[in-house]
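[1] mind looking at a prediction? Sequence and model below.
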Amino acid sequence: MSPRAVVVGPPGSGKSTVGPLLAEALGVAFRDTDDDIVERAGRAIADIFADDGEPAFRALEAQAVAAALDEHDGVLSLGGGAPLTEETRALLAKHTVVFLNVGLAAGVQRTGLSSARPLLAGVNPRATFKALLDARLPVYREVATVEVDTDHRSPAEVVAAAVAAIEPAEAQNP
Ligand SMILES: Nc1ncnc2c1ncn2[C@@H]1O[C@H](COP(=O)(O)OP(=O)(O)O)[C@@H](O)[C@H]1O
Ligand SMILES: O=C(O)C1=C[C@@H](OP(=O)(O)O)[C@@H](O)[C@H](O)C1
Ligand SMILES: [Mg+2]
């Protein structure tokens, strides 16, 4: 079993919002590995970071991603940092991976009102977000088979662009 599409990208790119809409458009089920981690640990992501630290979260995340890649055949959205783990990058090599890109302004705006993302909770979210984008863009591009810009696009417009990008990629690699 293999997901129809795996969705990666920075926090605020819309993985958890666009993912279910993309699944609906493709007529398949949706799963989000952050939800799997919360369910399995019985704790919020912010609590896992606070109690056990980021390396412990990344280990739970790598397990959750490996299991979901094996079990799920619909659209699978990952947490923003999942492709930082080398084992996950290796597993993603066999899959259709959609990179939802977001620029600094929209990314900060979309994540600014939420305290659910511990990595962005510091005193200067804009500088933190910029450093995160600089470090991660090459990683997202390394694992992606298609890239979709989400700035100035509604979630429905992002879905349309993603479907248009995925279908020719699937035709090339059936
Ligand atoms: N294309 C978009 N345009 C405007 N707002 C968006 C868009 N995509 C997502 N959002 C909003 O941004 C916030 C973060 O989205 P989310 O799906 O949780 O991102 P991610 O899972 O990539 O971190 C949510 O409030 C969501 O409604
Ligand atoms: O970028 C990251 O490292 C993280 C992103 C979050 O998911 P979203 O990208 O869905 O916000 C969540 O997995 C955790 O807070 C760590
Ligand atoms: Mg998410």
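    Done, it's in. Ligands and ions are numbered 1, 2, ... in the order given.
[2] where along this protein do the strands fall?
    Along the chain, the stretches classed as strands by DSSP state E are 5-8, 30-32, 75-77, 97-101, 146-149.
[3] burial of the residue lying closest to Thr111 once chain neighbours are set aside, as a residue count?
    Closest residue to Thr111 apart from its sequence neighbours, by C-beta to C-beta, 6 or more residues apart in numbering: Gly12 at 4.1 Å. For every residue, glycine as well, the C-beta is placed using N, CA and C. Applying other C-beta atoms under 10 Å, we find 23 residues neighbouring Gly12.
[4] same thing with the one 5 residues further on?
    For Thr17, the tally of surrounding residues (other C-beta under 10 Å) stands at 17.
[5] how about the residues of this protein near ligand 1?
    9, 11-18, 80, 110, 150, 153-155, 158 (C-beta under 6 Å from any ligand atom).
[6] which residue ranges of the protein form helices?
    15-26, 33-41, 45-52, 54-71, 86-92, 104-111, 125-143, 155-172 (DSSP state H).
[7] quick one: buried residues of the longest one?
    For helix 125-143, burial by neighbour count (16 or more other C-beta atoms under 10 Å) applies to 125, 128-129, 132-133, 136, 139-140, 143.
[8] up against ligand 3, what does this protein have?
    15-16 (C-beta under 5 Å from the ion).
[9] can you tell me which helices and strands the lowest-mean-pLDDT helix or strand in the chain packs against?
    When the helices and strands of the chain are scored by mean pLDDT, DSSP states H and E, helix 155-172 comes last with a mean of 89. Contacts defined by 3 or more C-beta pairs under 8 Å, 6 or more residues apart in numbering; DSSP states H and E place helix 155-172 against helix 15-26, strand 97-101, strand 146-149.
[10] low-confidence stretches in this structure?
    Low-confidence segments of the chain, defined by pLDDT under 70: 113-115, 169, 171-174.
[11] need the contact list for the residue in it that ligand 3 sits nearest to.
    Nearest residue of the chain to ligand 3: Ser16, at 3.3 Å (C-beta to the ion). Residues near Ser16 by C-beta atoms under 8 Å, 6 or more residues apart in numbering: 32, 34, 77.
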